[in-house]
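> Sequence below, structure please.
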Amino acid sequence: MLKPRRIVISLALIVVAACGALIWQLNLPWPSTVPLPHATEGETPNPSVTLVSPGVLSVALEGRNTSPDGLALSGDGTIVIGATMLPRPVSAGGNDARPVFLHLTADGRPANPAVTLLGTVGSLAGLAPARDGTIVAAGFGDTAIARRFLVVRLRSDGVLDPDFGGGAVLVGLRASLWQGAAARAVAVQRDGRVVVTGSAGFASGPLDQGSYCATARFNRDGRLDRSFGDSGRVLSLIDGRNCGSTAVLVASDQEILVVGSTGAPSTALFRYLPDGTLDRRFGRDGVAEFFDATGRGAALDALDRVVVVGTKWQSRTDTQLVIARYDRDGNLDQSFGASGAVFLHQAPISQQLWAAAVQPDGKIVAVGMMSSPRYLWGGSAVVVQQDGKLLILGSLLDEGSDDAEGVVLVRLNPDGTPDANFGAQ
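Below you'll find the predicted structure:
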């Protein structure tokens with residue numbers, strides 16, 4: 001007789017807890033930010049750096065797999081890698097991915113601290129330097145309710161900046177109560193405000209979910225900038241279709257450019273005024289269309305022209321790398337390539353350009369990934385140093401193994417040859 005009663009009581013407690021969580025969520029000021037707990041003492045794994053070949057380093061964490069997510073240079077020249085730490089083997093860990101920062105000195109040695117671990121389950125997706133020498137990163141963190149934007153600021157000494165919401169914040173954008181949101185890219189304005197973009201889910205039907213291109217702006221204290229868009233965030237679609245943002249840039253006039261892609265595949269470039277409204281002078285009512293290709297990375301040149309890199313699907317099996325450039329009005333720059341675009345390396349393989357940078361001389365550097373029958377290898381981020389050398393963050397995934405990607409860091413001289421001094425110590 002007692003057993004059914006216990007079951008009823010347990011079910012009642014579950015219902016009460018769920019109702020409590022729902023009421024708490026409904027009473028939050030939306031969009032909202034929540035401070036993130038720090039990692040506990042003793043959790044941080046030891047790092048190791050291995051010289052693979054001249055100018056090429058492998059960076060690993062003891063007993064963990066590491067997937068690279070972003071790259072930036074701190075004010076003192078420290079190399080900061082954003083990554084996701086996974087258990088080994090990956091199949092044994094479930095949803096135990098953790099965001100982590102790896103710090104290397106300018107010559108390729110572990111810095112002090114060498115690792116900054118965040119106290120949440122989640123992942124990083126992009127890093128950006130600020131004028132004051134700090135580093136800002138974005139990604140996602142999982143909560144009991146749904147996935148949220150994760151925004152972090154590191155001081156130049158590698159420590160979480162307590163002035164930015166305690167160092168890290170989780171952000172609910174209220175696109176939907178239960179559908180999640182994930183950031184994919186971040187940029188920092190001249191005044192230190194942080195712009196983050198990604199996707200935010202919403203219920204498009206009883207059993208269907210849609211996605212907005214979601215962009216939010218934060219003040220220097222880590223709080224949402226309520227003067228931007230709708231209470232700090234802007235939600236956009238591409239011609240009424242679902243989309244997710246993959247890159248964000250801040251132009252010299254402080255207008256914000258966001259690359260958004262659909263699953264079609266198709267890509268658009270949004271231009272927002274500093275208050276978050278679409279700049280109707282740009283493209284078609286604030287949106288520049290991109291031909292049937294998937295755009296990923298983007299960069300601005302000295303004339304505020306936007307370079308977008310990605311992949312064009314020629315068929316179900318054939319892909320081609322693409323680099324396009326837009327002028328300030330949102331039109332494809334006819335002086336670049338063939339009618340504004342360059343197409344490279346058509347092949348029956350999976351390949352993707354992920355990131356781009358523009359050198360001081362105006363030349364464009366694009367990095368990406370390619371697959372072979374067993375391996376997926378290549379670059380996911382690139383930074384041009386002040387001395388003209390290129391830092392490229394990459395990975396190697398062995399699809400025949402249970403292990404995840406390993407972090408690879410390459411430094412090239414301005415002429416493209418490996419920098420033999422990098423990691424030689």
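
> could you measure residue 275 against residue 225, distance?
According to Cβ to Cβ, to the nearest Å, residue 275 and residue 225 sit 10 Å apart. All C-beta atoms are positioned from the backbone trio N, CA, C, and that covers glycine.

> Same drill for the two, tell me which one is more crowded.
Using other Cβ atoms under 10 Å, the more surrounded residue of residue 275 and residue 225 is residue 225, with 20 against 11.

> is it true that that one touches residue 215?
No. Using Cβ atoms under 8 Å, residue 225 is not in contact with residue 215, being 11.3 Å away.

> name the element the nearest residue to residue 143 once chain neighbours are set aside belongs to?
Closest residue to residue 143 apart from its sequence neighbours, by Cβ to Cβ, 6 or more residues apart in numbering: residue 170 at 6.5 Å. For residue 170, the element it lies in under DSSP states H and E is strand 168-172.

> so what secondary structure elements neighbour that strand?
Helices and strands touching strand 168-172, by 3 or more Cβ pairs under 8 Å, 6 or more residues apart in numbering; DSSP states H and E, are strand 32-35, strand 147-154.

> Can you tell me which of those is packed in deepest?
When those are scored by mean count of other Cβ atoms under 10 Å, the highest mean neighbour count falls to strand 147-154 (a mean of 27).

> now for that strand, which elements pack on it?
When contacts are defined as 3+ Cβ pairs under 8 Å, 6+ apart, strand 147-154 sits against strand 98-104, strand 122-129, strand 135-142, strand 168-172, strand 181-188, strand 194-203, strand 209-218.

> model confidence over the second one, on average?
Looking at strand 122-129 alone, the average pLDDT works out to 95.

> strand partners of it, parallel vs antiparallel please.
Based on DSSP bridges, the pairing partners of strand 122-129 within the sheet are strand 135-142 (antiparallel).

> now the strand it pairs with: mean pLDDT?
Across strand 135-142, the average pLDDT comes to 94.

> So what's the residue count around the residue nearest to residue 143?
As a burial measure, residue 170 scores 22 neighbours (other Cβ under 10 Å).

> Quick check: bridge partners of it?
Beta-bridge pairing of residue 170 under DSSP bridges involves residue 34, residue 150.

> pLDDT wise, what is it at?
Reading off the model, residue 170 has pLDDT 89.

> Then the one 3 residues further on?
In the prediction, the pLDDT value recorded for residue 173 is 80.

> again with residue 422
In this prediction residue 422 is given a pLDDT of 96.

> what's near enough to touch it?
Each residue near residue 422 by Cβ atoms under 8 Å, 6 or more residues apart in numbering is listed here: 54-55, 57, 107-108, 411.

> one more time with 6 Å
Under the criterion of Cβ atoms under 6 Å, 6 or more residues apart in numbering, the neighbours of residue 422 are 55, 108, 411.

> do residue 184 as well
Contact analysis of residue 184 by Cβ under 6 Å, 6+ apart lists 125, 198, 245-246.

> and the gap between it and residue 258?
The value you get for residue 184 to residue 258, if Cβ to Cβ is used, is 10 Å.

> and for the two, which residues touch both?
Taking Cβ under 6 Å, 6+ apart as the criterion, residue 184 and residue 258 both touch residue 245.

> Show me how far stretch 151-168 is from its chain's centre.
Stretch 151-168 sits 17 Å away from the centroid of its parent chain (Cα atoms, centre = their mean, to the nearest Å).

> First-to-last residue distance for that stretch?
One end of stretch 151-168 sits 6 Å from the other (Cα to Cα, to the nearest Å).

> Same question for stretch 125-141.
Using Cα to Cα, first and last residues of stretch 125-141 are 11 Å apart.

> Pull the residues that contact it.
For stretch 125-141, the surrounding residues in contact (Cβ under 6 Å, 6+ apart) are 69-70, 72, 74-75, 80, 82, 99, 120, 122-124, 147-148, 150-156, 170, 182-188, 194, 196.

> And the contacts of stretch 156-176?
When contacts are defined by Cβ under 6 Å, 6+ apart, stretch 156-176 is touched by residues 30-36, 74-76, 103, 113, 116, 133, 141, 148-153, 155, 181, 200-203, 212, 214, 222, 233, 235.

> Which residue ranges of the stretch 1-150 of the chain form helices?
Along the stretch 1-150 of the chain, counting by DSSP state H, counting those that start in this stretch, helices occupy 2-26.

> Okay, now the unreliable bits of it?
Applying pLDDT under 70 to the stretch 1-150 of the chain picks out residues 1-34, 36-38, 40-41, 88-95.

> correct me, but residue 54 touches residue 420?
Yes. In this structure, residue 54 is within contact of residue 420 by Cβ atoms under 6 Å, at 4.2 Å.

> overlap in contacts of these two?
Going by Cβ under 6 Å, 6+ apart, no residue sits against residue 54 while also sitting against residue 420.

> thinking again about what came up before, using a markdown table, please lay out the helices and strands packed on strand 168-172 together with distance to residue 341.
Shown next, in a markdown table, are these (distance: least, Cβ to Cβ, whole Å):
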| stretch | distance to residue 341 |
| --- | --- |
| strand 32-35 | 39 |
| strand 147-154 | 31 |
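
> Compare those strands and report which one is nearest to residue 304.
For the helices and strands packed on strand 168-172, proximity to residue 304 was assessed by Cβ to Cβ; strand 147-154 is nearest, at 25.3 Å.

> how far is the closest one from where the chain is centred?
Offset of strand 147-154 from its chain centre (Cα atoms, centre = their mean): 10 Å.

> so it versus strand 181-188, what angle?
Counting by axes from the mean of the first three to the mean of the last three Cα atoms, to 10 degrees, strand 147-154 points 30 degrees away from the direction of strand 181-188.

> Show me the contact partners of strand 147-154.
122, 134-141, 161, 164, 168-172, 180-183, 196.

> what does stretch 185-201 give?
The set of residues external to stretch 185-201 that reach it, using Cβ under 6 Å, 6+ apart, is 126, 128, 130, 136, 138, 151, 173, 175-176, 179-184, 209, 211-212, 214-220, 225, 244-245, 247-250, 256, 258.
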